[in-house]
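Novice: Predicted structure and sequence below. I'll ask about it afterward.
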Amino acid sequence: MNGPAGLYVHIPFCLTRCGYCDFNTYAGLDSLAGTYVRALAKEADLAAPAWTGMPFASIFLGGGTPTMLPAGTIRSLLRSLRRRFVVDARAEVTSEANPDTVDAEYLSALRDAGITRLSLGVQSFDVAVLAALERIHLPQAARGAFDAARGAGFDNVNLDLIYGANGETLESWRETLGEAIAMGPEHLSCYALTIEPATPLGRKVAAGLVPPPDPDLQAEMYDLACDALRQAGYRHYEVSNWAKPGFECAHNLGYWEDRPYLGLGAGAHSYRDGRRWWNLRPPQHYMAEVDGGRLPIGGQEHLTDDERRIERLLLGLRVASGIPADWVEPARLEPFVVEGLAHRRDGRLVLTDRGMLLANDVVLALAE
């Protein structure tokens, strides 16, 4: 599918590494930041010719913690990306942020640097839940960061929340949701905690030191989020994402709408025309490859027609707009309509809230 495309930039540095995190992030390597950002600019030079003429509708700085970089460095990085790629002047430009790494002065500088959307990693407003997740910030830091973002002029703010951590109750989750809603962000992402085997938390679960998340409780928490956010005026536009009308994340919609994207940085993934590729993960290896004038590709795959069909089903059914109903045989679809997991609307097949929770299972059944 043609553009507009999305541009993802991976910043792998963190203050600490949370026990549940399986992303390509590193604590204690921030001394490499200057060299790493120069490598990003050089990788952009190497990648740009293949994307000549492709319009980009969004830039997303993720990680890791992009806000560990000085705001001036982010400004320079964004300017260099706009010189190398055809980035829409009104592009959505997002930066993830750890509440402990920002203040009013920094956020004002970040806004001036060209960031238009801020995504705060709040995760919870319950101190015990934050401890279970091994987050180092406290709820007051998240509140302060949000207020500072408003003071800096950010009118498009997302709060990331995680539910289902050890010891979290339905009531605790209700209180976190209530506080988040009261703050009035334009966007909320609510993710069920998943246990990745290679993480510290995964090893604790495997050793029996920490219980795994209770799927039934997580389902209740999901239902609670759907109800509370709907009542507060948020639209459930993707499995884990809710937005006030007009504030859906353009960058993430690109992934779900099967549009191309280019990833820059250590471990970043890219996709175009059925080909998916990814960069070397260790920052030092990534930087050495780029320094040698080579694209830092660590691997790639070409999707078969059947793989692309299944992926289009999965991605399309994750969003509220769904897929064309004629992509699925009516007889195969009917049981999911009867069970209340899907419905037909204006010639499209759309999953209900409950269907979205079970999207992977639904797609596997429909694709058989």
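Specialist: In hand now; what should we look at?

Novice: What is the burial count for residue 111?
Specialist: Using other Cβ atoms under 10 Å, residue 111 has 18 other residues around it. From N, CA and C alone the C-beta is placed, and that goes for glycine too.

Novice: just the helices in the stretch 201-350 of the chain please.
Specialist: 215-231, 250-256, 283-291, 305-317, 330-338 (DSSP state H, counting those that start in this stretch).

Novice: Tell me which of these is the most buried.
Specialist: Comparing the helices of the stretch 201-350 of the chain by mean neighbour count (mean count of other Cβ atoms under 10 Å), helix 250-256 ranks first with a mean of 21.

Novice: So for that helix, mean pLDDT?
Specialist: The average of the pLDDT scores along helix 250-256 is 96.

Novice: contacting residues for residue 39?
Specialist: 286, 287, 290, 291 (Cβ atoms under 8 Å, 6 or more residues apart in numbering).

Novice: Disregarding flanking residues, what is the spatial nearest neighbour of the first one?
Specialist: Which is residue 286. Excluding its sequence neighbours, the residue lying closest to residue 286 (Cβ to Cβ, 6 or more residues apart in numbering) is residue 266, at 4.1 Å.

Novice: re earlier: figure out which of the helices of the stretch 201-350 of the chain is closest to residue 42.
Specialist: Closest of the helices of the stretch 201-350 of the chain to residue 42 is helix 283-291, at 5.0 Å (criterion: Cβ to Cβ).

Novice: So which elements touch that closest one?
Specialist: Using 3 or more Cβ pairs under 8 Å, 6 or more residues apart in numbering; DSSP states H and E, the elements in contact with helix 283-291 are helix 33-47.

Novice: quick one: buried residues of the helix it packs on?
Specialist: 33, 36, 37, 39, 40, 41, 42, 43, 44, 46, 47 (16 or more other Cβ atoms under 10 Å).

Novice: Correct me if wrong: the third one contacts residue 75.
Specialist: Okay, so that is residue 37. No - when contacts are counted by Cβ atoms under 8 Å, residue 37 is not listed as touching residue 75 (11.3 Å).

Novice: Which helix or strand contains residue 89?
Specialist: strand 86-97 (DSSP states H and E).

Novice: Which positions in that strand come out as buried?
Specialist: Buried, per 16+ other Cβ under 10 Å, within strand 86-97: 87, 91, 92, 93, 94, 95, 96, 97.

Novice: just those now: which is nearest residue 214?
Specialist: Residue 214 lies nearest to residue 96 out of those, by Cβ to Cβ, at 28.2 Å.

Novice: and the closest one, bridged to which residues?
Specialist: residue 119 (DSSP bridges).

Novice: show me what contacts residue 110?
Specialist: Here residue 110 is in contact with 67, 71, 74, 95, 102, 118, 152 (criterion: Cβ under 8 Å, 6+ apart).

Novice: Distance of it relative to residue 145?
Specialist: Distance of residue 110 to residue 145, given as Cβ to Cβ, to the nearest Å: 12 Å.

Novice: in the stretch 51-200 of the chain, which spans are helices?
Specialist: Listed from the start of the chain, the stretch 51-200 of the chain has helices (DSSP H, counting those that start in this stretch) covering 71-84, 104-113, 127-132, 139-151, 170-183, 200-206.

Novice: coming back round to it: what's the overlap in contacts for residue 110 and residue 145?
Specialist: With Cβ under 8 Å, 6+ apart as the test, residue 110 and residue 145 both reach residue 102.

Novice: quick one: the residue nearest to residue 286 and residue 12 touch, right?
Specialist: Yes - with contact defined as Cβ under 8 Å, residue 266 reaches residue 12; the gap is 5.2 Å.

Novice: tell me, what's touching those two both at once?
Specialist: Residues touching both residue 266 and residue 12 (Cβ under 8 Å, 6+ apart) are 24, 36, 283.

Novice: Was I right to think the first one contacts residue 279?
Specialist: No - taking contact to mean Cβ under 8 Å, the distance of 9.1 Å between residue 24 and residue 279 leaves them out of contact.

Novice: Relative to residue 298, which of the helices of the stretch 201-350 of the chain is closest?
Specialist: Using Cβ to Cβ, these put helix 283-291 closest to residue 298, at 8.3 Å.

Novice: CA-only coordinates of that closest one in CSV, if you can.
Specialist: Extracted in CSV, the C-alpha atoms of helix 283-291 (Å, rounded to 0.1, in the frame of the first residue of the first chain):
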residue,chain,number,x,y,z
PRO,A,283,23.3,0.2,20.1
GLN,A,284,27.0,-0.3,19.7
HIS,A,285,26.6,-2.8,16.8
TYR,A,286,24.0,-0.5,15.2
MET,A,287,26.3,2.5,15.5
ALA,A,288,29.4,0.6,14.1
GLU,A,289,27.4,-0.6,11.1
VAL,A,290,26.1,2.9,10.3
ASP,A,291,29.6,4.4,10.9
